[in-house]
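# structure for this input, please:
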Amino acid sequence: MSKKTKRNRTKRNLDKNDATDSTITRSQLRKNNKVSWWPRILKTTVIVFLCGVLAALAYGAKVFVETDSLLENAYQPVKRNTTINDDIDPIKDPIAILILGVDNNDDRQLESTRTDAMLLATVSPITQKISLVSIPRDTYTQINSPTFVGMEKINAAYAFGEVESSIDAVENLMNIPINYYMTVDFKAFEEIVDVLDGVEAEVPVDFVEQNAAGKEVVSLKKGLQKLNGEEALAFARTRKIDNDVMRGSRQQEIMQAVLKKGMKLGSVTKLTEVMTALDGHFWTDMDMATMMKVAQSGITSSYDFDSYIFSWLSFDYYGSSMVGLHGDSLDYISHRLRLSLGLDEADERDVEGYEFVSNGLISEKTFPLDGMAIINP
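Alright, predicted model coming up:
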């Protein structure tokens, strides 16, 4: 991958007092109170929905010729200087998959596409376990692309260099080699929910949110609601009613509801409609044989699911809101995923009953060192 000169950042002038107040020392990065944090073990997560889609595709391939066309259209290999997949057999070997949710479609017509959701999953047939972490979209980190080299929000990697740059950014941040990627846009999500005749979700408060096209508003009331595709997406995406952690929880709730209804697909017509919704809105570098092996592994094995959430804080940097990850949290989650891939040895952090407690220090991989960042309370 070629690298260009780092993009110049236009820095606004700060008065003397602002400059003094915004200088952050390492000792100031330590929180007064330690954050008790334990990885949530979830039986249904976004990756389960992914496996459900793969299973549906595997079954559909036996019945519908159209599935062959869908998988052929979805196959989008990327140029990478790696031989990581040369000897991989997904039926028996652990793999890492980067799952990207993008917020561009024919209706939205953005000049550049951004990733609104970025999830890293490891799938281990050996331990029959799937591990998943959602990477906050505003995580400040290194990006290497043909058009930009420097520190920026991780969701900008896709705009600068699409899938290749997104993979590179996540690999560098997490210290994990990625075998495959999968990308789904929001139009497919909306249509799948509609095909399933909607999903139920507990809406915590009344709120109004733009739809994915940015042209209409979606209004939801507090309480248990049956949501159509547009409403479900607005509920999963909104950042107005809580924070990024709860946003991830809402996304998991919606995906769980989608999975439960999707697994009950007993109709050939419904299955065809799901495949039609995915066609043209789903891309991966898994060829048909690989995808079928992943699906076969999910069908023939009973997987447990581990889901991890970073310990983090937010800060402002030249007018932009960023997320910094606590270094020990980043190291711990990286270790757990590497362990699932057979790349790390087990240590005291893997003993049953171990409880992770962050020391509150921000990783230098996700925080500017020029003293110009202002940590939010």
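
# tell me the buried residues in stretch 303-315?
303, 305-315 (16 or more other Cβ atoms under 10 Å). (C-beta placed from N, C-alpha, C; glycine too.)

# mean confidence for it?
Per-residue pLDDT over stretch 303-315 has a mean of 86.

# name every strand pairing with the top strand by length along the chain and say which way it goes.
What stands out as the longest strand in the chain, according to DSSP state E, is strand 115-124. Strand 115-124 sits in its sheet next to strand 95-102 (antiparallel), strand 129-134 (antiparallel), going by DSSP bridges.

# figure out which of the ones you listed is closest to G150.
Closest of the strands paired with strand 115-124 to G150 is strand 95-102, at 21.0 Å (criterion: Cβ to Cβ).

# pull the CA atoms of that closest one into CSV?
Provided in CSV are the C-alpha atoms of strand 95-102 (Å, rounded to 0.1, in the frame of the first residue of the first chain):
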residue,chain,number,x,y,z
ILE,A,95,-10.3,-16.9,11.7
ALA,A,96,-10.8,-13.2,12.3
ILE,A,97,-13.5,-11.3,10.4
LEU,A,98,-13.9,-7.5,10.2
ILE,A,99,-17.6,-6.5,9.9
LEU,A,100,-18.3,-3.1,8.5
GLY,A,101,-21.6,-1.3,8.5
VAL,A,102,-21.6,1.6,6.0
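
# and it, how far from the chain's centre?
With Cα atoms, centre = their mean, to the nearest Å as the basis, strand 95-102 stands 7 Å off its chain's centre.

# ok, residues contacting that strand?
Counting contacts by Cβ atoms under 8 Å, 6 or more residues apart in numbering, the residues outside strand 95-102 that touch it are 46-47, 50, 88, 113-123, 158, 163, 166-167, 170, 176-186, 189, 294, 337, 341.

# buried set for it?
95-102.

# before we move on, what about stretch 321-341?
Under the neighbour-count criterion of 16+ other Cβ under 10 Å, stretch 321-341 has 322-330, 332-341 buried.

# how about stretch 272-282?
Quick answer for stretch 272-282 (16+ other Cβ under 10 Å): 272-275, 277-279, 281-282.

# re the thing from before, so which of the buried residues of stretch 321-341 are in strands?
Per DSSP E, the subset of those in strands is 322-325.

# burial check on the nearest residue to G229 once chain neighbours are set aside, number of neighbours?
In this structure, G229 finds its nearest non-sequential neighbour in E190, 3.3 Å apart by Cβ to Cβ, 6 or more residues apart in numbering. Other residues near E190 come to 23 when the count uses other Cβ atoms under 10 Å.

# thinking again about what came up before, let's have the strands paired with strand 115-124 in JSON lines, adding distance to N81 and mean pLDDT.
Converted to JSON lines, the strands paired with strand 115-124 look like this (distance: least, Cβ to Cβ, whole Å; pLDDT from 0 to 100):
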{"stretch": "strand 95-102", "distance to N81": "17", "mean pLDDT": "90"}
{"stretch": "strand 129-134", "distance to N81": "25", "mean pLDDT": "86"}
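
# out of those, which is closest to S219?
strand 95-102 (23.1 Å).

# mind giving me the PyMOL select for the contacts of strand 95-102, buried ones only?
A single PyMOL command is used to select the members of the contacts of strand 95-102 judged buried by 16+ other Cβ under 10 Å:
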select buried, resi 46+47+50+113+114+115+116+117+118+119+120+121+122+123+158+163+166+167+170+176+178+179+180+181+182+183+184+185+186+189+294+337+341
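
# so which of the buried residues of stretch 321-341 sit within helices?
Among those, DSSP state H puts 327-330, 332-340 in helices.

# pick the one among those residues closest to L227.
Of all those, I333 has the smallest distance to L227: 30.6 Å, by Cβ to Cβ.

# which residues touch that closest one?
By Cβ under 8 Å, 6+ apart, the contact set of I333 is 39, 133, 174, 308, 310.

# and of the strands paired with strand 115-124, who's closest to V195?
Across those, closest to V195 is strand 95-102 (Cβ to Cβ), at 18.1 Å.

# and E352, that's in a helix?
No. Counting by DSSP: H, G, I helix; E, B strand; the rest coil, E352 is not found in a helix; it is coil.

# ok so, going back, biggest separation within the contacts of I333, which pair?
P39 and M174, at 15.0 Å, using Cβ to Cβ across the contacts of I333.

# more crowded one of these two?
Applying other Cβ under 10 Å to P39 and M174 shows that M174 carries more neighbours, namely 21 against 17.

# doesn't S334 make contact with that one?
Yes. The pair M174 / S334 is scored as a contact, 5.2 Å apart, by Cβ atoms under 8 Å.

# and stretch 282-296, how far from the chain's centre?
19 Å.

# ah, wrong one, I meant stretch 366-377
Distance of stretch 366-377 from its chain centroid, counting by Cα atoms, centre = their mean, is 24 Å.

# give the buried residues for that stretch.
Those would be 366-368, 372-373, for stretch 366-377 by 16+ other Cβ under 10 Å.

# what's the answer for stretch 190-207, then?
Applying 16+ other Cβ under 10 Å to stretch 190-207 flags 190-193, 195-196, 198-199, 201, 203, 207 as buried.
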